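Provided below are the primary sequence and the corresponding predicted coordinates.
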Amino acid sequence: MRSRIPAAALIAASRLLVAAGPGGTEEVGPRINVLRIEPRGSDVSIRFHLEGALNPELARKIEAGLETAIRYDIRLYRQYRWWFDRFLDARVYRVSVTFDPVTHEYVISETMDGKPLGRSTTRDFSEVAQRLVSGENLLVFHVVPDRPRRNLYVSMRATFDSGYLFAFIPVDARTSWKKSRRFELTGGGP
């Protein structure tokens with residue numbers, strides 16, 4: 001004999017799903033809450049902060065010596081008022097950390113488009129946390145003179161390992177895209 005779910009329970013469940021859905025006013029989970037642009041001549045530097053990515057499970061993973069990385073996809077666009085925005089360039093900034101149980105130090109590696117930017121060590125977990133989720137004065141684009149220099153904006157999202165499904169299938173989580181304010185570069189060009 002099949003059991004029936006009471007109509008009141010179905011209505012309550014549907015209300016919970018609607019409340020938790022994309023129509024909500026506040027985004028749940030990790031998100032990039034700060035994205036500031038610092039144009040200097042032909043260079044575009046950014047400052048950013050990812051909120052809600054570090055949790056106790058991720059901290060335990062780092063302490064266990066497993067490499068933990070956050071990848072930031074960064075795109076440069078030119079905005080048009082009455083037409084589709086034009087994609088200009090893209091970068092992938094990656095920060096990874098590994099705990100070395102022999103020296104009791106965290107090894108932090110940074111790359112831009114697969115090329116090494118820097119490598120450092122620390123014993124302070126708060127510094128590791130800060131480096132994983134924020135960037136300061138990070139040079140991401142150099143706009144050559146024949147490229148557009150007005151009505152530009154940067155769009156960014158973060159991708160990171162959020163755990164395992166059924167204890168053995170790795171699951172990556174992504175934030176939604178965060179869009180910066182429009183800016184322009186000084187100097188010549190269109």
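Sure thing, it's come through.

could you measure residue 175 against residue 158, distance?
Per CB to CB, to the nearest Å, residue 175 is found 5 Å from residue 158. All C-beta spots, glycine's among them, are computed from the backbone N, C-alpha and C.

again with residue 62
Residue 62 is 17 Å from residue 158, where distance means CB to CB.

again, but for residue 186
Residue 186 is 30 Å from residue 158, by CB to CB.

secondary structure class for residue 155?
Secondary structure state of residue 155, per DSSP: H, G, I helix; E, B strand; the rest coil, is strand.

and it, what does it touch?
74-75, 77, 177-180 (CB atoms under 8 Å, 6 or more residues apart in numbering).

what about 10 Å?
Applying CB atoms under 10 Å, 6 or more residues apart in numbering, we find residue 155 in contact with 32, 35, 73-77, 85, 87, 90, 177-180.

where does the closest residue to residue 36 other than its chain neighbours fall, secondary structure wise?
Spatial nearest neighbour of residue 36, excluding adjacent residues (CB to CB, 6 or more residues apart in numbering): residue 47 at 4.3 Å. Per DSSP states H and E, residue 47 falls inside strand 43-51.

check which residues of that strand are buried.
For strand 43-51, the neighbour count (16 or more other CB atoms under 10 Å) marks 44-46, 48, 50 as buried.
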